[in-house]
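**Student:** Need a 3D model of the following:
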Amino acid sequence: RIQILFEMNVNELLDFQPSHSLKRGPSDDADDIYEGMFKRKAVDAPQRKKYEDMTDEERLNLVMELEEDEKGEDLNETSVKQMVLAVEKKCAKNQELRIKHSDVPEKFMESEIELHVEIGKCLILATHPELYPMFVEAGGVKLILTLLSHDNNDIVIGTVDLLHEVTDSDVVNESQEEAMVLVRELSKNRIISVLHQVIEKLDEKNEDEGKGVHNVLGIVENLVEIDPSLADQTFKEGLLVWLLNRIKTRSFDANKLYTSEVLAILLQSSKSNRDKLGSVEGIDILLQSLALYKRRNPQTSEEQEMMHNLFDCLCLSLLAPENRDIFLKGEGVELMILMLREKKMSRPPALKVLNFALQGDEGINCCAKFIDVYGLRSLFPCFMKTPGKKAKRGGFSEMEWSEHVTSIISHLLRNASGSLLQRVMKKFTEDDHLKVDRLIELHLYYLARISDAEEEISRERERLGDDVDDETEEEFYLKRLDAGLFTLQRLDYIILTVSTSGIASIAQRIRQLLSLKGESLGPVKDVMREYMESLGDQKDSASEEKQNISHMINQL
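**Tutor:** You can find the predicted model right below:
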């Protein structure tokens, strides 16, 4: 159960969209177009060799000629049926020869080449998504599934290429309803199970089969983007476990990067996947994979991207309460503290993970462990100084950095008790209350930002007059959030808690610092009252939080 107090971080993560910089590998446009035409027109090896020996200008001219020729090819319902029938005939002939001459490959090899060429011609279907229902009606989906189980991996890879192209998001967006007809039929025939079998049999040490694995991952991403409910099937069919095992490999490559992206998408798209991840050692695998980066940085920007994907996977998994205990037993808290201490590229995303691990009632044990293993020593330097360079903040903005740090402190103040809580409070008295000074400095900074945003909103209200509707109000609220409202709420929660802790010197220092700046505790109370209203009237931990805040305001 996620506390509303920290819902902004959850929504941010659930809206996560990974980068696809290596999804298809770097290449020139002309090469990409020619490769597609090579498949559709079945250009033979000598012709391909001739293309490779051409200059860039000659390649471009050839591609333009091929595109002009292809414009003459008109695909319609009849030709789709003929296309499917042609592949069926080649497939039947190949199967017959394979059975008849099972011990003499030379006698069925030619039929296999013909079948591969015929599959390549079907790629033109991706340029006509409006004809997908006719393709399904003609038996195209069942034919694809048959070809995906072929004994020759070249046939399988060719079919994977076809399925990857026809489910591509750019193609599907042109005809979404027709694409859903195809996806529903694929789903009905357990496409996720079939893809798992395919990816298990392909050997990534072989370059072509490695590309085939990459395209299988692309198909999974495409299908889940079209129909998010398919994400649930990936656990049931064993594909999610394959992804986890692929992540375990120590060497880095493009397929490992893409695997991390697809895993993040599947966890983002399915609560069921998040809930069950711990049952297949997913939390332990993620922690082991990330442990490589506690004392060393990723070697390339692509490896850094993969590292961030794995951190996002871990954050998503921690949304499931049952995974918190596994994270705790797997020494996840200790690993994140080490990353904070080492100050490598893993430091910023480690803050984000701790934010998720310590939040809510489910984070009580993690909070206790964090304090017990001296996590405060590594946390408060992050509070006292925000790294100046964005690279050192792991891509976080200054506001995001402050949000994660202040959220962690507020989790600790909320969930710790007894001697553990006293250890947190003591931090604010150290070095002549230096951390209180920083707390007020940040409070005033974000209060000014919100004040500026509210002035802008006030002018906009005056301009719109009676035209302010619910949608406009939501836009106004988002402007305040962009200005740092969420971070201000975290800061003021901390101020409220430490001011009413019973340590007179802290409360006195806070009032003194505010008075020097011509401020008072009034804005703190106003911010927290507004926050209380946002919690609603539900009877759960949010209601308990509301009562605690109200009690502290009254104490002031």
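
**Student:** what helices or strands is the lengthiest helix in the chain leaning on?
**Tutor:** The helix that spans the most residues within the chain, counting by DSSP state H, is helix 430-464. Using 3 or more C-beta pairs under 8 Å, 6 or more residues apart in numbering; DSSP states H and E, the elements in contact with helix 430-464 are helix 376-384, helix 398-415, helix 470-483, helix 485-499, helix 504-516. (Each C-beta comes from the backbone N, C-alpha and C, glycine too.)

**Student:** switch to 7 Å and redo it
**Tutor:** If contacts are counted by 3 or more C-beta pairs under 7 Å, 6 or more residues apart in numbering; DSSP states H and E, helix 430-464 sits against helix 376-384, helix 470-483, helix 485-499, helix 504-516.

**Student:** most neighbours per residue, which of those?
**Tutor:** helix 485-499 (a mean of 24; mean count of other C-beta atoms under 10 Å).

**Student:** low pLDDT regions in the stretch 451-556 of the chain?
**Tutor:** Residues of the stretch 451-556 of the chain meeting the criterion pLDDT under 70: 537-541.

**Student:** How about residue 507: what's its closest non-neighbour residue?
**Tutor:** Distances taken as C-beta to C-beta, 6 or more residues apart in numbering place residue 499 nearest to residue 507, at 4.7 Å, with adjacent residues excluded.

**Student:** where's the one you found relative to residue 147, distance?
**Tutor:** 70 Å (C-beta to C-beta, to the nearest Å).

**Student:** now swap in residue 203 and tell me
**Tutor:** Between residue 203 and residue 147 the computed distance is 19 Å (C-beta to C-beta).

**Student:** what sits against residue 182?
**Tutor:** For residue 182, the contact set (C-beta atoms under 7 Å, 6 or more residues apart in numbering) comprises 132, 135, 136, 166.

**Student:** Swap in 10 Å and give it another go.
**Tutor:** Counting by C-beta atoms under 10 Å, 6 or more residues apart in numbering, residue 182 makes contact with 125, 129, 132-133, 135-136, 140-141, 144, 163, 166-167, 172, 175, 223, 226.

**Student:** Show me the shaky parts of the protein.
**Tutor:** Residue ranges of the chain with pLDDT under 70: 1-53, 59, 62-74, 391-394, 537-541.

**Student:** Quick check: which element contains the closest residue to residue 108 other than its chain neighbours?
**Tutor:** Nearest non-adjacent residue to residue 108, counting by C-beta to C-beta, 6+ apart: residue 97, 3.7 Å away. Assigned by DSSP states H and E, residue 97 belongs to helix 77-100.

**Student:** Now whichever helix or strand comes after that helix: buried residues?
**Tutor:** With elements assigned by DSSP H and E, the helix or strand that comes after helix 77-100 is helix 106-121. By neighbour count on 16 or more other C-beta atoms under 10 Å, the buried set for helix 106-121 is 108, 111, 112, 114, 115, 116, 117, 118, 119, 120, 121.

**Student:** what's the helix holding residue 97 packed up against?
**Tutor:** helix 106-121, helix 132-137, helix 140-148, helix 153-166 (3 or more C-beta pairs under 10 Å, 6 or more residues apart in numbering; DSSP states H and E).

**Student:** rewinding a little: who's in contact with the residue nearest to residue 507?
**Tutor:** Applying C-beta under 10 Å, 6+ apart, the residues near residue 499 are 436, 506, 507, 508, 509, 510, 511, 521, 524, 552, 555, 556.

**Student:** closest to residue 405 among the residues you listed?
**Tutor:** The closest of these to residue 405 turns out to be residue 436 (C-beta to C-beta; 15.4 Å).

**Student:** Find the nearest non-adjacent residue to that closest one, please.
**Tutor:** Per C-beta to C-beta, 6+ apart, closest to residue 436 is residue 509, 4.8 Å.

**Student:** Could I get the contacting residues of the one you found?
**Tutor:** Counted by C-beta under 10 Å, 6+ apart, residue 509 has contacts 428, 429, 432, 433, 434, 436, 437, 439, 440, 498, 499, 503.

**Student:** Now list the buried members of the residues you listed.
**Tutor:** 428, 429, 433, 436, 437, 439, 440, 498, 499, 503.

**Student:** Same drill for residue 203 and residue 147, tell me which one is more crowded.
**Tutor:** Between residue 203 and residue 147, residue 147 has the larger neighbour count (other C-beta atoms under 10 Å), namely 21 against 11.

**Student:** show me what contacts that one?
**Tutor:** Residue 147 makes contacts with 87, 91, 115, 116, 119, 155, 156, 158, 159, 160, 162, 163, as judged by C-beta under 10 Å, 6+ apart.

**Student:** any chance of those residues in JSON lines, plus distance to residue 102?
**Tutor:** Output for the contacts of residue 147, formatted as JSON lines (distance: C-beta to C-beta, whole Å):
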{"residue": "87", "distance to residue 102": "22"}
{"residue": "91", "distance to residue 102": "17"}
{"residue": "115", "distance to residue 102": "17"}
{"residue": "116", "distance to residue 102": "19"}
{"residue": "119", "distance to residue 102": "22"}
{"residue": "155", "distance to residue 102": "16"}
{"residue": "156", "distance to residue 102": "19"}
{"residue": "158", "distance to residue 102": "22"}
{"residue": "159", "distance to residue 102": "22"}
{"residue": "160", "distance to residue 102": "25"}
{"residue": "162", "distance to residue 102": "26"}
{"residue": "163", "distance to residue 102": "28"}
